[in-house]
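**Q** sharing a model that was predicted from the sequence below.
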Amino acid sequence: MEDEARVPINSSADIVTARQKGRTLAMDLGFDGSDLTLIATAISEVARNIITHAKRGEIIILSSNHGSKHGILVIARDEGPGIPDVERAMQYGYSTNKGLGVGLPGAKWLMDEFEIESKVGNGTKVTMKKWLK
Amino acid sequence: MHVPILKQGNWLIASVQSVLSDADLLQLRDDLADRVGQFRSRGVIIDVTVLDVIDSFATRTLSASAHMLKLRGAETVIVGIQPDVAFAMVQLGLTLEGVGTALDLEEGLAYLDNLFKREIEHGR
């Protein structure tokens, strides 16, 4: 059993690879049922965010432990242009590229924890976690 | 992966066979718009039973396909959305508003049959 996966994101086909790796790893970590779909969907959204705004980046999927809590940690990072107004980017329905503006806020709803760090010119890093119940 | 499109009577059935990339989804949309013209089809069923993820891009593309096909004179029904996928879509706030949906292929065929039977009864 692997407990880490790294997926380079360079094209839209890599979005599929990332969410499949995420589902497999989540299953290995003990997630089941709808949680697997929620995790895979959240990975799909943050991976697409990389393609749309930064063209390339990577998704790292790890096991995560905090005290008695066990779960999965997903990091999506890129060295793209960064997000000038993170608060706005996290508003549901706000999009700069004619998308639905659902991706980042949606991923936050699908996971238990969600953090985003971004600096203009220095890329974006999304960290999100889901805990086993 | 390429999605096969079958003609069955007046309807077209696009049966998704494996996971779809963004490019595959856009290809499906364009193929359906062509085939509706080629076969003069009035109804289209898109069977997504095998999809384990329908994210915001997939939802937007399926919805756009249905609306495009409507402009080409055909009704679209999306069938086979799995319970976990439906749950994730609702969590994302995605509703496929204005697009026909049915439980499975059988219900999708019944949906189109009913729709067009009503149309004939009303003499349109």
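**A** That came in fine, so what should we check first? Numbering: from 1, shown residues only, chains lettered A, B, ... in the order given.
**Q** show me what counts as buried in the worst-scoring helix or strand of chain A on mean pLDDT.
**A** Between all helices and strands in chain A, the lowest mean by mean pLDDT, DSSP states H and E belongs to helix A:86-89, at a mean of 82. Buried residues in helix A:86-89, counted by 16 or more other C-beta atoms under 10 Å in any protein chain shown: A:Ala89. C-betas here are computed from N, CA, C, even on glycine.
**Q** now it, how far from the centre of its chain.
**A** 16 Å (C-alpha atoms, centre = their mean, to the nearest Å).
**Q** packing partners for that helix?
**A** Where contact means 3 or more C-beta pairs under 8 Å, 6 or more residues apart in numbering or on different chains; DSSP states H and E, helix A:86-89 is packed against strand A:113-119.
**Q** what strands line up against the strand it packs on, and which way round?
**A** strand A:123-131 (antiparallel) (DSSP bridges).
**Q** other residues contacting the partner strand?
**A** Counting contacts by C-beta atoms under 8 Å, 6 or more residues apart in numbering or on different chains, the residues outside strand A:123-131 that touch it are A:26, A:31, A:35, A:38-39, A:42, A:46, A:49, A:53-54, A:57, A:64, A:66, A:69-83, A:104, A:107-108, A:111-118.
**Q** what pLDDT is listed against B:Gly80?
**A** pLDDT for B:Gly80: 98.
**Q** with only the CA atoms kept, save the least confident helix or strand of chain A in PDB.
**A** Coordinates of each C-alpha in helix A:86-89 appear next as PDB, following Å, rounded to 0.1, in the frame of the first residue of the first chain:
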ATOM      1  CA  VAL A  86      -8.300  35.300  -2.600                       C
ATOM      2  CA  GLU A  87     -11.500  36.300  -0.800                       C
ATOM      3  CA  ARG A  88     -13.200  37.000  -4.000                       C
ATOM      4  CA  ALA A  89     -11.900  33.900  -5.700                       C
END
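**Q** which non-adjacent residue is nearest A:Gly30?
**A** Setting aside the residues directly before and after it, A:Gly30 is nearest to A:Leu132 in space (C-beta to C-beta, 6 or more residues apart in numbering or on different chains), at 5.4 Å.
**Q** residues from chain B in reach of chain A?
**A** Residues of chain B lying close to chain A (C-beta under 8 Å from any C-beta of the partner chain) are B:19-23, B:52-57, B:59-60, B:82-85, B:87-88, B:91-94.
**Q** give the contact list for the residue nearest to A:Gly30.
**A** Counting by C-beta under 8 Å, 6+ apart, A:Leu132 touches A:29-31, A:69-71.
**Q** ok so, going back, report the buried members of the contacts of strand A:123-131.
**A** In the contacts of strand A:123-131, burial by neighbour count holds for A:26, A:31, A:35, A:38-39, A:42, A:46, A:49, A:53-54, A:57, A:64, A:71-78, A:80, A:82-83, A:104, A:107-108, A:111, A:114, A:116, A:118, counting by 16+ other C-beta under 10 Å.
**Q** just the buried ones from the residues of chain B next to chain A?
**A** Applying the neighbour count, that is 16+ other C-beta under 10 Å, the buried entries in the residues of chain B next to chain A are B:20-22, B:52-57, B:59-60, B:82, B:84-85, B:87-88, B:91-92, B:94.
**Q** quick one: the strands in the chain?
**A** Using chain A here. Counting by DSSP state E, one finds strands in chain A at the ranges A:4-9, A:57-66, A:69-78, A:113-119, A:123-131.
**Q** my question was about chain B
**A** Along chain B, counting by DSSP E, strands occupy B:5-8, B:11-15, B:43-47, B:75-79, B:100-102.
**Q** ranking those by burial, who's on top?
**A** Relative to the other members of the strands of chain B, strand B:43-47 carries the highest mean neighbour count by mean count of other C-beta atoms under 10 Å in any protein chain shown, namely a mean of 25.
**Q** what average pLDDT does that strand get?
**A** Mean pLDDT, strand B:43-47: 98.
**Q** so in that sheet, which strands flank that strand, and in what orientation?
**A** strand B:11-15 (parallel), strand B:75-79 (parallel).
**Q** now chain B, which segments are flagged as low pLDDT?
**A** Applying pLDDT under 70 to the predicted model, the residue ranges of chain B that meet it are B:123-124.
**Q** sweet, I'm off.
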